[in-house]
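A.B. asks: starting from these lines, generate the structure:
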Amino acid sequence: MRVSMVLIIATAFLAQGPATAVGVDPPPALDQQPVPLPPDLSEYVANPRLAKILGKALFWDMQVGSDNQMACATCHFHAGADARVRNQLGLPENPAGVTLRRVNYPLYPGAFPLRQLEDPTDRDSRVITDSGEVVSSQGMSLWDFTGVVPGTGFELRTGVNGKLESCDPIFNYQGLVTRRAQTRNAPTVINAVFSHRLFHDGRARSTFNGVDRHGIENLNAKVWQWNPGSNQLTQVSIAIERAALASQAVTPPVSQNEMSWIGKTFPDLGSKMLTLIPLARQEIHPDDSLLGRYANRNGRGFIPSVSYSTLVRRAFHRKWWGASGLVDGQYTQMEANYSLFFGLAVMLYESTLVSDDSPYDQFANGNNNALTAQEQQGLQLFINTGCINCHSGPEFGGGTVADVLGNDSANPIANYVIQVPMADGGTAWIDNGFVNIGLRPTSEDLGAGGNNPFGPISFAQRMRNGASFGGQTLAPSARIAIDGAIRTPSLRNVELTGPYFHTGSMKSLEEVVQFYARGTDFDNMPNRPVGLDELTDLNGNPTNTAALIAFLKTLTDDRVRYRKAPFDHPQLLMIDGHRGYDWGNRYALDWNHWMPAVGSDGSSALKPYDIVLTYGRLQLAQEAD
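C.D. replies: Residues are numbered from 1 along each chain as shown. You can find the predicted model right below:
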């Protein structure tokens, strides 16, 4: 079913453009789509349920961060995204000509959209303001990592290059060290399991090498395998398919921008974490859907008898951790392979974060009363205006595993690149699911058109350079259009996942619809595909706009809204900017709030981002009560 739908959509797109996506049926419910997982997972994982428990603990545990405050969840706590409002301004990938207003800037409703036009329906109207900044996520401040204090969970640090004052020319306050904000907005992790590649530019590969995000491109990425019979340890290369979540998961914990001090490696992180009690600084709700069984009812974290090393031993096969002694003179096998355990465990936890019980899913499964007349009108607009050409299938996204490889791992298809019509005539090849939508000038962020340490990120560029993927090749003369192309996100729960786009530059769905209705903001030739011009059914038509937005809200699963299982979570310290400055030690003090633990029955409703902005810090404080 999915392959035929892709072909119908592609045919309509090539023939007429998104304005008339004729012949396209509404997507099926998400519960009809198999959750894609590696076919050889059992080669590594002995107990999938315990691996999911390990993954959830690691995802929410603040001890993973070098400062013992920054967790993976710190940037993915609000419907899987980040809704913090202070110290969130950053610069684009290529900040030439863009300056930061100031660190610790408090966002407010009137600051959005970041590019404001005199007439929001006319992209050629006078530009009132356009800062070029991005609304992203604050991460770590710059310090040099110097070691782990064994058995304590504390990391040692020193000033960068031995200097006490900040060495960051942008993220500092009068020479004091402040937290840095990223170059792109944090996308939601809910339903991310369906994506073939991850990060906005696709640099987290579908094939997990057990070490980093680069997949098979990093020929030096190896893990340690132990043979109990011969007691031999060897370094081996592995290639775990359909595992972009694992490739993504191992990037932030050792990133100096996101969760780590400079120079820390995954074996260093393993030597710190494996001796610790999971979530030792955080409360766990006794009814947590995965962790409740292990919750310490007399304090924080897991029961004292369960450490991270205990979970690794129970969740993974012994050949990946069981050798005695040091494998390389410095780390145990379990420490040396910690990236393998971390990536696969977090992947398996995130594979449970599937929101397949929205009103739309109920409608698609036969409940005709699940959508109102207005919402059904919005669904028809979503199809007829061509939104569905990019946000397709039950995932309502692009570049999914089903699109690129198909649902049968034993007989995969190969749609790594697709050919589309371009606005300046002719056709071009693009990476499946990655499009330059004219949000910002291409030069500010090349997206999939950028490079990683092993060459181009884009499949189309690599194919044109002679590579083959799934049997697909491109001629050296083939036209490609991947500069500025960004992964098409899922629209599920989009009501709650603002701020929007990879720039985080819009606060509400109304602003997003206005952007597309006016034909986007920049032409970005020659990388602009057909179909991004004005959508006349929406522009200046409040009835149609309201109907489309009403439909988009039917993609919200109330389990996500109310944080019910599997979207419940432990307590989390929210780092929301700086409250003051320690002039003696030369760094800014965090302004923190506790977000309470939530059990499987859920808690108070999450609010859309524009509402969070209205309440600002008060909203976080209310959640902490």
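
A.B. asks: only C-alpha atoms from now on, for both contacts and neighbour counts.
C.D. replies: Noted.

A.B. asks: so which residue is dead centre in this protein?
C.D. replies: Pro187 (3.9 Å; Cα atoms, centre = their mean).

A.B. asks: which residues does the residue nearest to it when sequence neighbours are not counted bridge with?
C.D. replies: Among residues not flanking Pro187 along the chain, Ala81 sits closest, at 5.6 Å (Cα to Cα, 6 or more residues apart in numbering). Ala81 forms beta bridges with His78, as assigned by DSSP bridges.

A.B. asks: what's around Ala81, how many residues?
C.D. replies: 22 (other Cα atoms under 10 Å).

A.B. asks: name the SS class of Leu58, please.
C.D. replies: Of the three states, Leu58 takes helix under DSSP: H, G, I helix; E, B strand; the rest coil.

A.B. asks: show me this structure divided up by domain.
C.D. replies: Under the assignment automatic domain parsing, the domains of the chain span 2-32+358-556, 37-357+564-625.

A.B. asks: dump these into a markdown table; add mean pLDDT as well.
C.D. replies: A markdown table is the format used below for the domains of the chain (pLDDT from 0 to 100):
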| stretch | mean pLDDT |
| --- | --- |
| domain 2-32+358-556 | 90 |
| domain 37-357+564-625 | 94 |
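
A.B. asks: pull out the buried positions in stretch 569-587.
C.D. replies: Buried residues in stretch 569-587, counting neighbours by 16 or more other Cα atoms under 10 Å, are found at 569-578, 581, 586-587.

A.B. asks: mind putting those in JSON lines, secondary structure and distance to Asp483 included?
C.D. replies: JSON lines is the format used below for the buried residues of stretch 569-587 (DSSP: H, G, I helix; E, B strand; the rest coil; distance: Cα to Cα, whole Å):
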{"residue": "His569", "secondary structure": "strand", "distance to Asp483": "38"}
{"residue": "Pro570", "secondary structure": "coil", "distance to Asp483": "40"}
{"residue": "Gln571", "secondary structure": "coil", "distance to Asp483": "41"}
{"residue": "Leu572", "secondary structure": "strand", "distance to Asp483": "38"}
{"residue": "Leu573", "secondary structure": "strand", "distance to Asp483": "38"}
{"residue": "Met574", "secondary structure": "strand", "distance to Asp483": "35"}
{"residue": "Ile575", "secondary structure": "strand", "distance to Asp483": "34"}
{"residue": "Asp576", "secondary structure": "strand", "distance to Asp483": "33"}
{"residue": "Gly577", "secondary structure": "strand", "distance to Asp483": "33"}
{"residue": "His578", "secondary structure": "strand", "distance to Asp483": "36"}
{"residue": "Tyr581", "secondary structure": "strand", "distance to Asp483": "41"}
{"residue": "Arg586", "secondary structure": "coil", "distance to Asp483": "40"}
{"residue": "Tyr587", "secondary structure": "strand", "distance to Asp483": "38"}
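
A.B. asks: tell me which two of these sit farthest apart.
C.D. replies: His569 and Arg586 (34.2 Å; Cα to Cα).

A.B. asks: and the residue nearest to the centre of the chain, which of the three is it?
C.D. replies: Three-state call for Pro187 (three-state DSSP): coil.

A.B. asks: where's it relative to Gln374, distance?
C.D. replies: According to Cα to Cα, to the nearest Å, Pro187 stands 28 Å off from Gln374.

A.B. asks: what number of residues lie near the spatially closest residue to Ala336 that is not a sequence neighbour?
C.D. replies: Leaving aside its sequence neighbours, Ala336 sits nearest to Pro267 (Cα to Cα, 6+ apart; 4.8 Å). When counting by other Cα under 10 Å, one arrives at 19 neighbours for Pro267.

A.B. asks: hmm, back to that, ok, the buried residues of stretch 569-587 vs Leu198, which is closest?
C.D. replies: His569 (23.0 Å).

A.B. asks: excluding its backbone neighbours, what's nearest the closest one?
C.D. replies: Leaving aside its chain neighbours, His569 sits nearest to Val598 (5.3 Å; criterion: Cα to Cα, 6+ apart).

A.B. asks: quick one: contacts for the one you found?
C.D. replies: Under the criterion of Cα atoms under 8 Å, 6 or more residues apart in numbering, the neighbours of Val598 are Ile284, His285, Asp288, Arg563, Lys564, Asp568, His569, Pro570, Gln571.

A.B. asks: the last one contacts Met595, correct?
C.D. replies: Meaning Gln571. Yes - under the criterion of Cα atoms under 8 Å, Gln571 makes contact with Met595 at 5.6 Å.

A.B. asks: for Gln472, phi and psi?
C.D. replies: Phi and psi for Gln472, reported as degrees, to the nearest 10, are phi -80, psi 140.

A.B. asks: which non-adjacent residue is nearest it?
C.D. replies: With Cα to Cα, 6+ apart, the residue lying closest to Gln472 is Ala414, at 6.8 Å.

A.B. asks: quick check, Ile430 in a helix?
C.D. replies: No - counting by three-state DSSP, Ile430 falls outside a helix, being strand.

A.B. asks: that one contacts Gly484, doesn't it?
C.D. replies: No - in this structure Ile430 lies outside contact range of Gly484 using Cα under 8 Å: 11.0 Å.

A.B. asks: so where do the helices sit in the stretch 201-350 of the chain?
C.D. replies: Along the stretch 201-350 of the chain, the segments classed as helices by DSSP state H, counting those that start in this stretch run 244-249, 266-273, 308-315, 333-336, 338-350.

A.B. asks: Serialize those to JSON lines and add fields for distance to Asn367.
C.D. replies: Converted to JSON lines, those look like this (distance: least, Cα to Cα, whole Å):
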{"stretch": "helix 244-249", "distance to Asn367": "33"}
{"stretch": "helix 266-273", "distance to Asn367": "48"}
{"stretch": "helix 308-315", "distance to Asn367": "40"}
{"stretch": "helix 333-336", "distance to Asn367": "50"}
{"stretch": "helix 338-350", "distance to Asn367": "28"}
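
A.B. asks: what's the most buried one of those?
C.D. replies: Of all the helices of the stretch 201-350 of the chain, helix 244-249 has the most neighbours on average by mean count of other Cα atoms under 10 Å, namely a mean of 30.

A.B. asks: tell me what that one is packed against?
C.D. replies: Identification of packing neighbours for helix 244-249 by 3 or more Cα pairs under 8 Å, 6 or more residues apart in numbering; DSSP states H and E yields helix 338-350.

A.B. asks: and the contacts of the helix it packs on?
C.D. replies: Contacts with helix 338-350, where a contact means Cα under 8 Å, 6+ apart, come from 48, 51-56, 58-59, 189-193, 210-212, 223, 243, 245-250, 266-267, 269-270, 312, 316.

A.B. asks: what's the following helix or strand after that helix?
C.D. replies: helix 359-364 (DSSP states H and E).

A.B. asks: in PDB, list the C-alpha atoms belonging to that next one.
C.D. replies: This file holds the C-alpha atoms of helix 359-364, laid out as PDB (Å, rounded to 0.1, in the frame of the first residue of the first chain):
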ATOM      1  CA  PRO A 359      -8.400  11.700  16.300                       C
ATOM      2  CA  TYR A 360      -7.200  11.300  12.700                       C
ATOM      3  CA  ASP A 361      -6.100   7.700  13.400                       C
ATOM      4  CA  GLN A 362      -9.500   7.000  14.800                       C
ATOM      5  CA  PHE A 363     -11.100   8.500  11.700                       C
ATOM      6  CA  ALA A 364      -8.800   6.600   9.300                       C
END
